[in-house]
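**Q** Generate coordinates for the sequence data below:
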Amino acid sequence: MGARNSPLGWLRQSFPVDGEVLREMSSEPIPNHLKRWWYALGGTPAYLFIVLAATGISLTFYYRPSPEVAYESVGRITNEIRFGWLIRSVHHWAANLMVLSVILHVIRVFFTRAYRKPRELNWMFGVGILIVIFTFGFTGYSLVYEQLSYWAAVVGTNIAEATPIVGPYLATFMRGGVDITSNTLTRMFVLHIGVLPTVIVILLGLHIVQIRLHGVSIPDGEAKKDAGKTFPFFPNHLMTELVIGLSLTILLVVLALIAPAPLGEPANPNVTPEHIKPEWYFFAMFRWLKLTSFKVGVLGTMGFVGIFLFWPFIDRLIERAFPGKGVAMWIGVLGVLTLIAFTIWEAFV
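**A** This next block holds a predicted model:
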């Protein structure tokens, strides 16, 4: 059989790819500082997103987004479907680790000032990804339809309603009406499995395009230390990412075995729990709302998000007003310590 008629020859004709381009991509030099996991945190949430997509699709085969049967379907996944408890627990822990890894990635970018010109837009894409991930957590937690998740959804939609101007319309859209009903669960489900994945894929695509256009930011200290040293993408960087992926897989399975995803009491709209607790990544905001009036708390949260989103431009103004004083760095330290303190405070109250 001739080379052109062989299966490999047919594949090359059907899917023509320039081998030289592939070789150039695989041998692309990577800045030496990316050998350190702290600087290559972006790959960790990307892998966890793949895990979430795979486990989430598996769960949708058995989940039913209706108030009458949502909780029972989650219970059936947990207690009856073969390995359902494991898939649900891996999904649960992957979501938590993804939030944590993206937060750490944002902190790293902030303190290495990798958001500086010309990467301001990429910082804004990253903040958008973080907001979408928080929304993922909120909608996913609501789908369980247990007592705490139901009332967390009530509080969450009330917060949305307190947003100036668009609040009432936003809350009505999220609830599918004036109150939490079957429409609410359906909309949370559609957001969780359809809208939010589409938005995050678009943002991730834009984020990666920006990295490709501007290159990887090299912190000043690392640039002096490595002095232009690089290493090849293949096999060095690829093998590092595969090792990280394997380690994360082991960690997710261990966490799922040690601490399976919990399932509380079914939702009861007529009984308000004594203590309503959101997921841990909302603890700081929840504590802030408790310390202030509801309206001030919501406006303060919106102000924080706005400052965070446009921080590269604010940082530029601070640097002009106080050149070389490190004011922006100390603002970041104060912000991180406040978030940690509020989170721990709410966790132990």
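**Q** Would you map the helices across the stretch 151-300 of the chain?
**A** Secondary structure of the stretch 151-300 of the chain (DSSP state H, counting those that start in this stretch): helices located at 167-175, 182-190, 196-214, 220-226, 238-258, 283-291, 294-309.
**Q** Comparing these, which yields the minimum mean pLDDT?
**A** Ranked by mean pLDDT, the helices of the stretch 151-300 of the chain bottom out at helix 220-226, with a mean of 61.
**Q** Quick one: end-to-end length of stretch 279-294, please.
**A** 19 Å (CA to CA, to the nearest Å).
**Q** so how far is that stretch from its chain's centroid?
**A** Mean C-alpha position of stretch 279-294 versus that of the full chain (CA atoms, centre = their mean, to the nearest Å) differs by 19 Å.
**Q** now the helix or strand where residue 54 lies: mean pLDDT?
**A** Under the criterion of DSSP states H and E, residue 54 resides in helix 43-60. The average pLDDT for helix 43-60 rounds to 93.
**Q** Which residues does the helix or strand harbouring residue 313 contact?
**A** Residue 313 is part of helix 311-321 when elements are defined by DSSP H and E. The list of residues contacting helix 311-321 from outside it, by CB atoms under 8 Å, 6 or more residues apart in numbering, reads 110, 113, 115-117, 119-120, 123-124, 307, 327-328, 331. C-beta coordinates here come from the backbone N, C-alpha and C atoms, glycine included.
**Q** cool, stretch 265-282 as well?
**A** 67, 71, 96, 99-100, 103, 134, 137-138, 141, 145-152, 155-156, 180, 286, 343, 347.
**Q** what about that stretch, start to end distance?
**A** For stretch 265-282, the first-to-last residue distance is 21 Å (CA to CA).
**Q** Give me the angle between the helix holding residue 313 and helix 294-309.
**A** Helix 311-321 runs at 80 degrees relative to helix 294-309, counting by axes from the mean of the first three to the mean of the last three CA atoms, to 10 degrees.
**Q** measure residue 208 to residue 122 for me?
**A** Applying CB to CB, to the nearest Å, the value for residue 208 to residue 122 is 10 Å.
**Q** who's in contact with the residue positioned nearest the centre of the chain?
**A** Compute the mean C-alpha point of the chain, and by CA atoms, centre = their mean the closest residue is residue 133, 3.4 Å away. When the contact criterion is CB under 8 Å, 6+ apart, the partners of residue 133 are 45, 98, 99, 102, 200.
**Q** nearest spatial neighbour of the fourth one, skipping sequence neighbours?
**A** Yep, that's residue 102 we're talking about. residue 45 (4.9 Å; CB to CB, 6 or more residues apart in numbering).
**Q** got it, and residue 187?
**A** Closest to residue 187 by CB to CB, 6+ apart is residue 176, at 5.2 Å.
**Q** Quick check, that neighbour in contact with residue 184.
**A** Yes. Contact criterion CB atoms under 8 Å: residue 176 and residue 184 qualify, at 5.3 Å.
**Q** higher neighbour count, those two?
**A** Legend: neighbour count by other CB atoms under 10 Å for residue 176 and residue 184, higher for residue 184 (21 against 16).
**Q** What separation do you get for the residue nearest to the more buried one when sequence neighbours are not counted and residue 103?
**A** Using CB to CB, 6+ apart and skipping residues adjacent in sequence, the residue nearest residue 184 is residue 175, 4.9 Å away. According to CB to CB, residue 175 and residue 103 sit 29 Å apart.
**Q** Settle it for me: which of these two has more neighbours?
**A** residue 175 (21 against 18).
**Q** ok, now which ones touch that one?
**A** Residue 175 neighbours (CB under 8 Å, 6+ apart): 157, 181, 183, 184, 187.
**Q** where's the first one relative to residue 62, distance?
**A** I take that to be residue 157. Distance of residue 157 to residue 62, computed by CB to CB: 26 Å.
**Q** thinking again about what came up before, I'd like to know which of the contacts of stretch 265-282 are buried.
**A** 67, 71, 96, 99, 103, 134, 137-138, 141, 145-152, 156, 180, 286, 343 (16 or more other CB atoms under 10 Å).
**Q** how about the helix of greatest length in the chain: buried residues?
**A** Using DSSP state H, we find that the single longest helix of the chain is helix 84-111. Neighbour-count burial for helix 84-111 flags 84-99, 101-103, 105-110 (criterion: 16+ other CB under 10 Å).
**Q** State the mean pLDDT of it.
**A** Average pLDDT, helix 84-111: 94.
**Q** Next secondary structure after it?
**A** Using DSSP H and E, the next helix or strand after helix 84-111 towards the C-terminus is helix 120-143.
**Q** Any buried residues in that following helix, and which?
**A** By neighbour count on 16+ other CB under 10 Å, the buried set for helix 120-143 is 120, 122-130, 132-143.
**Q** okay, the angle between the following helix or strand past the helix holding residue 313 and helix 283-291?
**A** Next helix or strand after helix 311-321 toward the C-terminus (DSSP H and E): helix 327-348. Taking the same axes, to 10 degrees, one finds helix 327-348 and helix 283-291 inclined to each other by 80 degrees.
**Q** Could you list every helix and strand that helix 327-348 packs against?
**A** Counting contacts by 3 or more CB pairs under 8 Å, 6 or more residues apart in numbering; DSSP states H and E, helix 327-348 is packed against helix 84-111, helix 283-291, helix 311-321.
**Q** Kindly reformat the ones you listed as JSON lines containing distance to residue 240.
**A** Output for the helices and strands packed on helix 327-348, formatted as JSON lines (distance: least, CB to CB, whole Å):
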{"stretch": "helix 84-111", "distance to residue 240": "16"}
{"stretch": "helix 283-291", "distance to residue 240": "32"}
{"stretch": "helix 311-321", "distance to residue 240": "29"}
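**Q** Alright, I will stop here.
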